[in-house]
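In: Predicted model and sequence below, questions to follow.
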Amino acid sequence: MIDLASIRKILVIKPRAIGDVLLSTPVLANLRRFFPAAKISFLVEKGGAAVLSGNPWLDEVLLLEKNAWSRIKLLARIRQERFDLVLDLFSNPATALFTLLSGAPIRVGFAFRHRRFGYTIALLPRGGEVHNVEFNLDALRALGLVPERIEPRVFLSADERAFARAFIEKHNLAGMKKIFSSQNTPLIGFSIGGGWQTKRWLSAYYVKLGKRIVEEFGASIMLLYGPDEEQEANEIADGIGAGAILPPIITLRQLAALAEVCHLVVSNDTGPMHIAAAVGTPVLAIFGPTRPELQGPVGNYHRIVRNESVNCLGCNLTKCPIGNICMTELYPDKVFEEFLQLHRQIEERNRDRVNVEKYL
């Protein structure tokens with residue numbers, strides 16, 4: 001019998017990647033509900049730490065570095081902390097060992113292969129059956145808790161929002177987040193990256209889509225990209241021409257702030273897709289080798305677009321033996337049709353809000 005009342009210190013482990021770390025934040029929200037007085041720490045690599053900054057559900061971020069000496073010192077600190085509960089949401093050999101050596105009396109993880117050795121509660125993973133958020137929440141269910149479905153969140157600071165406001169004012173884009181219609185100037189984000197090449201929609205298609213959105217809506221297209229995508233972002237912006245906005249290479253937090261001021265974001269399946277959803281911006285998500293029911297954006301007012309004529313969707317291959325046709329044959333006209341559908345959803349939502357506000 002687990003004595004949940006005795007839990008005062010909790011460690012959550014999810015080292016990477018950006019999207020996966022963000023999709024684990026509902027676990028933090030629920031832990032804060034169930035254990036309001038507990039100290040909650042999160043073990044993560046540097047790349048994923050940015051999305052946790054300012055999170056009120058969390059007390060502390062512990063950085064997991066690659067060199068052995070840093071890991072030894074970190075483990076010593078974890079043991080000294082005397083955590084009552086460790087939730088290993090990653091469950092690879094290294095994190096299972098960290099969990100075991102933490103000394104925590106309650107250790108929850110997923111029974112991948114031989115990794116159950118690290119856990120006092122080893123649960124069967126449902127990674128291929130449920131969305132990643134639900135997969136993470138299973139760790140709480142294993143404790144007998146009933147979690148709420150809380151959406152992932154990125155919590156932006158006043159300075160980060162001021163950065164985004166200054167940027168759009170500089171480009172005469174003030175007034176974003178008004179009702180999205182052809183009567184004002186919508187700001188559309190294009191998130192062009194992707195950890196795997198097979199997940200990336202073609203640059204030429206982004207150019208065609210961008211030109212059509214600019215032409216039919218008078219919109220501005222803002223490229224959201226990382227350091228490794230600068231050349232591609234420049235090529236897409238040049239291809240779109242007038243109406244394209246290319247911010248300088250920015251931090252992940254600044255990217256989140258810019259995504260927040262967009263009317264919607266068109267994105268490959270990538271970390272910034274989840275970031276855009278987590279700051280409340282509707283997302284049109286382009287999927288191919290990955291499965292949106294497992295890894296798609298969480299929340300209302302998002303849409304998925306895929307090449308449904310391909311029978312190998314969701315293959316999870318990082319290299320495609322048949323030419324990546326789930327992306328190369330997903331043409332801009334199809335994506336634009338889904339863009340229009342999402343646009344109509346946003347208009348309907350905003351009309352409903354205006355109508356409700358009349359009676360408040």
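Out: Thanks, I have it.
In: all helices of the stretch 1-150 of the chain, in order?
Out: 18-22, 25-34, 46-49, 68-81, 93-101, 132-141 (DSSP state H, counting those that start in this stretch).
In: before we move on, what about the stretch 151-300 of the chain?
Out: Counting by DSSP H, counting those that start in this stretch, the helices of the stretch 151-300 of the chain are 158-170, 203-217, 230-240, 252-260, 271-278, 292-295.
In: Of those helices, flag the one that's most buried.
Out: Highest mean neighbour count among these (mean count of other C-beta atoms under 10 Å): helix 271-278, with a mean of 28. All C-beta atoms are positioned from the backbone trio N, CA, C, and that covers glycine.
In: now the end-to-end length of stretch 24-43.
Out: 12 Å (C-alpha to C-alpha, to the nearest Å).
In: which parts of that stretch are buried?
Out: By neighbour count on 16 or more other C-beta atoms under 10 Å, the buried set for stretch 24-43 is 24-32, 35, 38, 40-43.
In: Buried deepest among the helices of the stretch 1-150 of the chain, which one?
Out: Taking mean count of other C-beta under 10 Å, helix 18-22 is the most buried of the helices of the stretch 1-150 of the chain, at a mean of 24.
In: State the mean pLDDT of it.
Out: The average pLDDT for helix 18-22 rounds to 95.
In: Also stretch 27-44?
Out: Across stretch 27-44, the per-residue pLDDT values average to 97.
In: And the contacts of that stretch?
Out: Identification of contacts with stretch 27-44 by C-beta atoms under 8 Å, 6 or more residues apart in numbering yields 4, 7-16, 21, 52, 55-64, 78, 81, 83, 87, 89, 95, 98, 136-137, 139-140, 145, 147-148, 150, 153.
In: now these: which count as buried?
Out: Counted by 16+ other C-beta under 10 Å, the contacts of stretch 27-44 give 7, 9-16, 21, 52, 55, 57-58, 61-62, 64, 78, 81, 83, 87, 89, 95, 98, 136-137, 139-140, 147, 150, 153 as buried.
In: Show me these that map onto strands.
Out: 9-13, 61-62, 87 (DSSP state E).
In: Contact partners for Tyr119?
Out: So, once contact is read as C-beta under 8 Å, 6+ apart, Tyr119 ends up touching 88, 96, 99-100, 107-109, 111.
In: Quickly list the domain ranges of the chain.
Out: Structurally, the chain divides into domains by automatic domain parsing as follows: 4-141, 158-357.
In: Just the closest of the contacts of Tyr119 to Gly189, please.
Out: Asp88 (33.8 Å; C-beta to C-beta).
In: The residue nearest to the closest one when sequence neighbours are not counted - how many residues pack around it?
Out: In this structure, Asp88 finds its nearest non-sequential neighbour in Gly109, 3.8 Å apart by C-beta to C-beta, 6 or more residues apart in numbering. By other C-beta atoms under 10 Å, the residues close to Gly109 number 29.
In: And the average pLDDT for stretch 290-300 is what?
Out: 94.
In: same deal with stretch 335-355?
Out: 83.
In: Equivalent analysis for stretch 315-330, please.
Out: Rounded mean pLDDT across stretch 315-330 is 95.
In: Pull the residues that contact it.
Out: Residues outside stretch 315-330 that contact it (C-beta under 8 Å, 6+ apart) are 196-202, 205, 286, 288-291, 305-307, 309-310, 312-313.
In: Filter those residues down to just the ones in strands.
Out: Using DSSP E, the contacts of stretch 315-330 in strands are 286, 305.
In: Any chance of a ChimeraX selection covering the buried ones in the contacts of stretch 315-330?
Out: Here is the ChimeraX command that selects the buried residues among the contacts of stretch 315-330 (16+ other C-beta under 10 Å):
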select :196,198,199,200,201,205,286,288,289,290,291,305,306,307,310,313
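In: Please go through this structure and pick out the longest helix.
Out: Counting by DSSP state H, the longest helix found in the chain is helix 332-357.
In: Report all helices and strands that it contacts.
Out: helix 203-217, strand 264-268, strand 283-286, strand 303-305 (3 or more C-beta pairs under 8 Å, 6 or more residues apart in numbering; DSSP states H and E).
In: Walk me through which strands the last one pairs with, and which way each runs.
Out: When you say that, I think you mean strand 303-305. strand 283-286 (parallel) (DSSP bridges).
In: sorry, back to before: ok, the ones in strands among the buried ones among the contacts of stretch 27-44 vs Val261, which is closest?
Out: Nearest to Val261 among those, with distances taken as C-beta to C-beta, is Val61, at 26.2 Å.
In: Pairing-wise in the sheet, spell out the partners of that closest one.
Out: Phe42.
In: got the contact list for it?
Out: Per C-beta under 8 Å, 6+ apart, neighbours of Val61: 41-42, 44, 49, 52-53.
In: Next, work out how far apart it and Thr270 are.
Out: Separation of Val61 from Thr270 (C-beta to C-beta, to the nearest Å): 22 Å.
In: Please apply the same query to Tyr225.
Out: 10 Å.
In: Please apply the same query to Ala158.
Out: 27 Å.
In: now do Ala104
Out: 33 Å.
In: Compare those two and say which is more crowded by neighbours.
Out: For Ala104 versus Thr270, neighbours defined as other C-beta under 10 Å are more numerous around Thr270 (26 against 23).
In: got the helices of the stretch 151-300 of the chain as JSON lines, with distance to Leu187 columns?
Out: Listed next are the helices of the stretch 151-300 of the chain as JSON lines, based on distance: least, C-beta to C-beta, whole Å:
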{"stretch": "helix 158-170", "distance to Leu187": "7"}
{"stretch": "helix 203-217", "distance to Leu187": "10"}
{"stretch": "helix 230-240", "distance to Leu187": "14"}
{"stretch": "helix 252-260", "distance to Leu187": "9"}
{"stretch": "helix 271-278", "distance to Leu187": "12"}
{"stretch": "helix 292-295", "distance to Leu187": "24"}
